[in-house]
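*Asks:* build me a model:
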Amino acid sequence: MPTMFRKRKDANNEAMAMGRVVGVARNASPAHRVAALHEREGEAAIAVQKSFRGMKGRQAKWYWEESPERLHKHADIKKGTRWVPFDKGTTQKLEDAFSKHGPESGLHHVYVSATHVVDLKEMTQKNVQTGYSRRILREVVKLPGAEAEFMVLVSQFSRDVAPLAKQLVGTLVTLVGILLKLGMKLVDVGRQLFNERTADMREAAAAKKQRALRAAAAKARATADALDAAARAG
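*Replies:* Below is the predicted model of the structure:
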């Protein structure tokens, strides 16, 4: 048997062993079926977590199988095979789904594009428009020393720091939102106080002007009265 197919068979056997399927009688109650499903998915998740503890110093690579007549279009084919590597983004997406759920859970379908879905249980990629299906491969390779240490640090960061950072970002976003609302309220209160102060100043200026006019009128009347008195006296 060629090496690549032997590796794929070993990988598939390992994947199948990771999720022990719990048998459920056909006449089981809905509650028993739900309990069995939870038990199955729980065991699969535990098995996946155990297998990924052994990923230290190793890295998973994902490939899809190209047709023989189209091999000339690819420059990065796995040597001696028809396996073409997925891009980094898709590889990370597949590995995340594989590590979180495992092929034996009910969440083994991953959409890698608008038209292609990967079945982690059957290890196939299907074009949902044409129905054409091709095989995929997950290969675990050993990393060089420095790269292995770097990947371990990245893994630890993703596991331990990233959730805290995400939570911190959420808290900061909430805090910024509160501060913005408070700032808007302060602006509204300041505008209201300014308008009230401006109105008070206008009223005070109008009252002062009226007082000045009344004083001038009174002075004019007093002058007129004095002139009348002087005229009568003369």
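
*Asks:* rest of the way, CA atoms for contacts and neighbours
*Replies:* Will do.

*Asks:* where in the protein is the helix or strand with the lowest mean pLDDT?
*Replies:* Each helix and strand of the chain was given a mean pLDDT (mean pLDDT, DSSP states H and E); the minimum falls on helix 3-18 at a mean of 45.

*Asks:* can you tell me the closest non-neighbouring residue to residue 111?
*Replies:* Leaving aside its chain neighbours, residue 111 sits nearest to residue 117 (4.2 Å; criterion: Cα to Cα, 6 or more residues apart in numbering).

*Asks:* is the one you found in a helix, a strand, or coil?
*Replies:* Classification of residue 117 into helix, strand or coil gives strand, according to DSSP: H, G, I helix; E, B strand; the rest coil.

*Asks:* next one: residue 60
*Replies:* strand.

*Asks:* before we move on, what about residue 75?
*Replies:* Assigned state for residue 75: coil (three-state reduction, three-state DSSP).

*Asks:* next, count neighbours for it.
*Replies:* Counted by other Cα atoms under 10 Å, the residues lying close to residue 75 total 8.

*Asks:* and it, what pLDDT?
*Replies:* In the predicted model, residue 75 carries a pLDDT score of 86.

*Asks:* again with residue 61
*Replies:* Confidence at residue 61, expressed as pLDDT, is 90.

*Asks:* chain neighbours aside, what residue packs nearest to it?
*Replies:* What sits nearest to residue 61 in space, not counting adjacent residues and going by Cα to Cα, 6+ apart, is residue 139, at 5.1 Å.

*Asks:* residue boundaries of the strands in this structure?
*Replies:* Using DSSP state E, the strands found in the chain span residues 58-65, 83-85, 109-111, 116-119, 124-127, 133-142.

*Asks:* so for residue 159, which of the ones you listed sits nearest?
*Replies:* With distances scored as Cα to Cα, the stretch of the strands of the chain nearest to residue 159 is strand 58-65 (15.8 Å).

*Asks:* partners of that closest one in the sheet?
*Replies:* strand 83-85 (antiparallel), strand 133-142 (antiparallel) (DSSP bridges).

*Asks:* sorry, back to before: count the residues that sit near the residue nearest to residue 111.
*Replies:* As a burial measure, the neighbour count of residue 117 was computed by other Cα under 10 Å and equals 17.

*Asks:* all further residue positions should be reported with the first residue as 31.
*Replies:* With 31 as the first residue, the last one maps to residue 147.

*Asks:* what's the pLDDT at residue 74?
*Replies:* Confidence score, pLDDT, at residue 74: 43.

*Asks:* next: residue 260.
*Replies:* On the pLDDT scale, residue 260 is placed at 81.

*Asks:* ok, now residue 161?
*Replies:* According to the model, residue 161 scores 94 on pLDDT.

*Asks:* ok, now residue 257?
*Replies:* Per-residue confidence for residue 257 comes out at a pLDDT of 84.

*Asks:* could you pull out the helices for the chain?
*Replies:* 33-48, 60-83, 118-130, 175-186, 192-263 (DSSP state H).

*Asks:* out of the strands paired with strand 88-95, the one nearest residue 236 is which?
*Replies:* Taking Cα to Cα as the measure, these were each checked against residue 236, and strand 113-115 came out nearest at 83.4 Å.
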